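Visitor: Fold the following.
(one chain, ligands or ions: 2)
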Amino acid sequence: MDKISAIVPCYNEQESIPLFYKEFQRSTAEMKDVEFELIFVDDGSKDNSLEEMKKLAEIDDRVKYVSFSRNFGKEGAIYAGLKNSTGDYVVMMDADLQDPPSLLPEMYRVVKYDGYDSVATRRVTRKGEPPIRSFFARMFYKIMNHISQADMVDGARDYRLMSRKFVDALLDMSEYNRFSKGLFGWVGFKTKWLEYENVERVAGETKWSFWKLFKYSLEGIVAFSTFPLTLSSLIGCFCFLASLVSMVFIIARRLCFGDPVAGWASTVTIVVFIAGIQLLCMGILGLYLSKTYLETKRRPIFIVAQTNCEGKDSDRK
Ligand code: UDP
Ligand code: MG
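Guide: Ligands and ions are numbered 1, 2, ... in the order given. From the prediction side, this is the model:
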């Protein structure tokens, strides 16, 4: 009998957890030939999420929980879930039911019988999302696909069913700056995409502010592309060439027409322009340097405070 581990990262989801559990039960009732394991990862919630998880663990011994010592972010929660999973297949889903459990039977069928290593989902609409947010999200995917090898799909969710092979490949990448959407594409393997209409969350509210998303997208770019570094060198070359041309122009003008005193304003503009570009490029360098700095510290990706999973207390190496 196959075993599927479902990983559910939760941050302040006390209302969603019982609803999720009920819906999960209902959708998987028909899958008689599979055993399930439900791993809730409490990402340092400040509400009663952990109590809700413990309640479920008491009535259902397939329910596991891993509770962090503080909020480490969804990426850390995903990693912790993968580490603690024991199933032949692993599926990742949000607690807010935006990843409909009703797709599970179909996803399982595809990896089991159609020879795929993972089944991913993407939402084809962004209904219920602020238009500005959708616009920037689209732009992000467009740029990202141009400047990086990791294949990222617009509207892709983290909702994904993976084979053990796929999960082990993900776990082999123990990098500190994790950008799962990129890692999924980077490991390769055969992936089938299922599409569905966006579903709004059942309870609670989104944990992503615009600013948080913006920082997350920068993280993605820095983690999966060195194009910004190339770009800053290109800008540097361009400025150098432009200054050569203008130097020739100024010398020629001096020789042909004497020295008409031109305004200082243009000089100042040029100085400010160059200084601006230099600062921008230094900022880009700094971004990569800071990521390298964090990576070299090899800090744990998460720290567990409480869990009912056996033997794996932390990811400390
Ligand atoms: N989440 C988490 N840690 C965080 C933020 C979010 O574990 O720091 C979880 C959250 O509880 C939810 C999932 O990640 O189960 C997706 O978050 P959310 O629904 O807020 O994002 P959205 O669907 O709006 O993109
Ligand atoms: Mg959500």
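
Visitor: Residue 289: how many residues sit nearby?
Guide: Residues near residue 289, counting by other C-beta atoms under 10 Å, number 11. C-beta: built from backbone N, CA, C; applies to glycine.

Visitor: tell me which element it falls in.
Guide: Using DSSP states H and E, residue 289 sits in helix 264-297.

Visitor: same question, residue 81
Guide: Taking DSSP H and E as the definition, residue 81 sits inside helix 74-84.

Visitor: Name the next helix or strand downstream of that helix, please.
Guide: Per DSSP H and E, the first helix or strand lying C-terminal to helix 74-84 is strand 89-92.

Visitor: Contacts for that next one, please.
Guide: 2-7, 9, 78, 81-82, 104, 107-108, 111, 158-164, 167 (C-beta atoms under 8 Å, 6 or more residues apart in numbering).

Visitor: likewise stretch 59-73?
Guide: Stretch 59-73 is contacted by residues 11, 21, 35-45, 50, 53-54, 56-57, 76-77, 80-81, 84, 301-309 when judged by C-beta under 8 Å, 6+ apart.

Visitor: would you put the C-alpha positions of stretch 165-178 in CSV?
Guide: The C-alpha trace of stretch 165-178 is given here as CSV (Å, rounded to 0.1, in the frame of the first residue of the first chain):
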residue,chain,number,x,y,z
LYS,A,165,12.9,10.6,-5.8
PHE,A,166,11.8,14.2,-6.3
VAL,A,167,11.6,14.9,-2.6
ASP,A,168,15.1,13.5,-2.0
ALA,A,169,16.5,15.8,-4.7
LEU,A,170,14.8,18.8,-3.0
LEU,A,171,16.3,17.7,0.4
ASP,A,172,19.7,17.5,-1.1
MET,A,173,19.6,21.2,-1.6
SER,A,174,20.0,22.4,2.0
GLU,A,175,20.7,26.0,1.1
TYR,A,176,19.6,28.6,3.6
ASN,A,177,18.0,31.1,1.1
ARG,A,178,15.2,28.9,-0.1
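
Visitor: buried residues in it?
Guide: Applying a neighbour-count criterion of 16 or more other C-beta atoms under 10 Å, one finds 166, 167, 169, 170, 178 buried in stretch 165-178.

Visitor: any idea which element the fourth one lies in?
Guide: Element membership of residue 170, judged by DSSP H and E, is helix 164-172.

Visitor: Which strands or helices does that helix pack on?
Guide: helix 74-84, strand 89-92 (3 or more C-beta pairs under 8 Å, 6 or more residues apart in numbering; DSSP states H and E).

Visitor: Tabulate these (JSON lines), appending distance to residue 152.
Guide: Shown next, in JSON lines, are these (distance: least, C-beta to C-beta, whole Å):
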{"stretch": "helix 74-84", "distance to residue 152": "15"}
{"stretch": "strand 89-92", "distance to residue 152": "16"}
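
Visitor: Run through the helices of the protein in chain order.
Guide: Secondary structure of the chain, counting by DSSP state H: helices at 16-28, 49-59, 74-84, 104-113, 131-147, 164-172, 180-186, 210-224, 227-257, 264-297.
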